[in-house]
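Visitor: Predicted model and sequence follow; I will ask about them next.
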Amino acid sequence: MDTYKHILVAIDLSDSSKAVVLRAKQLAEGQQSKLSLIHVIEPVVSLPGQEMFPSIPIEFEQIMQERAENFLIRLEKTYNLNLTHRLVRMGSIKGELFKLVDEIETDLIVLGTHGRHGIGLLLGSTSTTVLHGTPCDVLSVRIQV
């Protein structure tokens, strides 16, 4: 098995992220790899005809950014992570991960999966989307529900 030089951990802001981070930390320490964390905030899209819904305040993106940054900082401190990068990006998860793979020379992405089946799988999930297009290896950590 090849040694991974740089592991990128993609997380959401749920408690299940902890299991993903711990698995990635274990791998990074075992292989003496660099470790980076990322959370991607997907923009809220307003479609024509949705005027009946209340508008989203302009500060919403800034609030989401701060919330994500604080969550990543807490994970870093709680689990004593030696991070190369701690990133919060705005955009599509797939697009931002793929760009970052090249930017920081990632050779493994670690993310969580809920193991959806049937219609949930057909509708797609983040891990499935990333798995079928990334230029590097992907480790999908099963999250217990």
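Guide: Good, I have the coordinates. Numbering: from 1, shown residues only.
Visitor: what's the span of stretch 78-85, first residue to last?
Guide: The straight-line separation of the ends of stretch 78-85 (C-alpha to C-alpha, to the nearest Å) is 16 Å.
Visitor: Quick one: mean pLDDT for it?
Guide: In this model, stretch 78-85 has a mean pLDDT of 95.
Visitor: So which bits of that stretch are buried?
Guide: By neighbour count with 16 or more other C-beta atoms under 10 Å, stretch 78-85 contains the buried residues Leu81, Leu83. For glycine as for every other residue, the C-beta is placed from the backbone atoms N, C-alpha and C.
Visitor: Other residues contacting that stretch?
Guide: For stretch 78-85, the external contacting residues (C-beta atoms under 8 Å, 6 or more residues apart in numbering) are 6, 18, 21-22, 25, 28, 34-38, 75-76, 104.
Visitor: between those, which is nearest Glu96?
Guide: Of all these, Glu96 sits closest to Ile38, with 7.3 Å by C-beta to C-beta.
Visitor: Return the residues in contact with the closest one.
Guide: Ile38 neighbours (C-beta under 8 Å, 6+ apart): Leu8, Val9, Ala10, Ile11, His85, Leu87, Val88, Arg89, Glu96, Leu97, Leu100.
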